[in-house]
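In: quick check, what structure comes out for this input:
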Amino acid sequence: GGGASQGGGGSVTAQARVLAPEPQAAEAPPVLQSFADVIALIEKKRDIALRLDVERYVRPVSFRPGAIEFEPAPGAPSNLAQRLIGRLREWTGQPWLIAAQGGGGAESQWERQKREEREVRSEIEQDPFVLSVMKSFPGAEIVSIRTLPTPEASPADAPPEDDED
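Out: As a prediction, the model looks like this:
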């Protein structure tokens with residue numbers, strides 16, 4: 001038998017330190033207030049297969065804590081609702097009711113992303129500069145589109161400081 005000995009004589013200061021837990025040490029189950037919270041939790045738990053399936057095939061219909069209704073997008077795995085129920089129960093410690101239904105769902109996250117990419121692409125393809133480049137270089141094609149981060153406020157945008165007259 002292994003004897004796990006407990007350290008004796010804990011001082012008051014040590015107890016006070018224990019009463020203020022580190023933020024990471026908090027073992028409170030996550031509270032999910034929206035469908036976005038569900039995706040964030042799946043991402044945090046690094047369940048990549050489930051995250052990809054949820055992003056691609058779940059068209060949210062309604063969400064309330066403990067219950068999700070969704071319309072499965074074409075090609076959705078038949079066990080998606082069961083997998084989601086099992087994971088959410090495991091991670092939140094509460095039972096979840098997840099119902100797949102025939103219609104009425106919003107776009108899945110993946111569908112929305114693809115639609116936005118198409119909209120941006122068609123906007124870029126109509127840009128006069130892009131059109132002139134495409135005309136100048138026959139056979140050129142747009143391979144990828146990246147959004148560059150915009151600087152918050154560059155010093156050039158600030159009005160010049162005139163303290164002196």
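In: Arg118 versus the residue lying closest to Ala99 once chain neighbours are set aside, what's the distance?
Out: In space, Ala99 comes closest to Glu69 once its chain neighbours are excluded; the distance is 4.8 Å by C-beta to C-beta, 6 or more residues apart in numbering. For every residue, glycine as well, the C-beta is placed using N, CA and C. Using C-beta to C-beta, to the nearest Å, Glu69 is found at 28 Å from Arg118.
In: Val130 now?
Out: Taking C-beta to C-beta, one finds Val130 at 16 Å from Arg118.
In: circling back: more neighbours: which of Glu69 and Arg118?
Out: Neighbours per residue (other C-beta atoms under 10 Å) separate Glu69 from Arg118, with Glu69 holding more: 17 against 10.
In: any idea what that one is bridged to?
Out: With DSSP bridges as the criterion, Glu69 is bridged to Ser62, Ala99.
In: what's the average pLDDT for stretch 58-74?
Out: Computed over stretch 58-74, the mean pLDDT rounds to 95.
In: and it, end to end?
Out: End-to-end distance for stretch 58-74, by C-alpha to C-alpha, to the nearest Å: 10 Å.
In: pull out the buried residues from that stretch.
Out: For stretch 58-74, the neighbour count (16 or more other C-beta atoms under 10 Å) marks Val58, Arg59, Pro60, Val61, Phe63, Ile68, Glu69, Phe70, Glu71, Pro72, Ala73 as buried.
In: residues making contact with it?
Out: Applying C-beta atoms under 8 Å, 6 or more residues apart in numbering, the contact partners of stretch 58-74 are 31-35, 38, 56-57, 76, 80-81, 84, 94-109, 111.
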